[in-house]
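# next come a sequence and a model predicted from it.
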Amino acid sequence: MNRLLLAMPLFVAGLYTAVPATAAEKLFPRATESDDQLKKFYDDAGDICLHNPSGDVRVAVACKAMTIYGVALNERNWCYGRRSEANAEMRWHRCGADSERFTLDTLNDFGR
């Protein structure tokens, strides 16, 4: 577990710098996790990220993991929330024109 926490920031930094940020290119075309697994991983990371105001490394990693899972789900046409919804109303749904999407730019922003 400790190695995972140490490796995640390096993975995130490498992911952001090694891959061009274009919508047409998929970062996870060979991912084997199911959609439901990715949604659970997103929720589990959110439990750490969104409910913990500390500046701990594990919190930063959880917040970045949420973005990575979100990008992977967006690639599978799943989006979290719509632009017109309040945060409390947002749910996973099939992406549409008004859907919120995760961006690679948020991977490089280590401030919450």
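Received the coordinates, thanks.
# so how far does stretch 69-89 reach from one end to the other?
End-to-end distance for stretch 69-89: 19 Å, by C-alpha to C-alpha, to the nearest Å.
# next one: stretch 27-40
Note: stretch 27-40 ends 19 Å apart using C-alpha to C-alpha.
# please identify the buried residues of that stretch?
With burial defined by 16 or more other C-beta atoms under 10 Å, the residues of stretch 27-40 counted as buried are Phe28, Leu38, Lys39. No exception for glycine: its C-beta is placed from N, CA and C like everyone else's.
# out of the residues you listed, who's nearest Tyr69?
Using C-beta to C-beta, Leu38 comes nearest to Tyr69 of the buried residues of stretch 27-40, at 5.2 Å.
# OK, contacts around the closest one?
Ala31, Tyr69, Ala72, Leu73, Arg76 (C-beta atoms under 8 Å, 6 or more residues apart in numbering).
# Lys26 and Tyr80, how far apart?
18 Å (C-beta to C-beta, to the nearest Å).
# comparing the two, which residue is more hemmed in?
Using other C-beta atoms under 10 Å as the criterion, Lys26 and Tyr80 rank with Tyr80 on top: 21 against 15.
# beta partners for that one?
Trp92 (DSSP bridges).
# so it versus Arg58, what's the distance?
Relative to Arg58, and taking C-beta to C-beta, Tyr80 is found at 22 Å.
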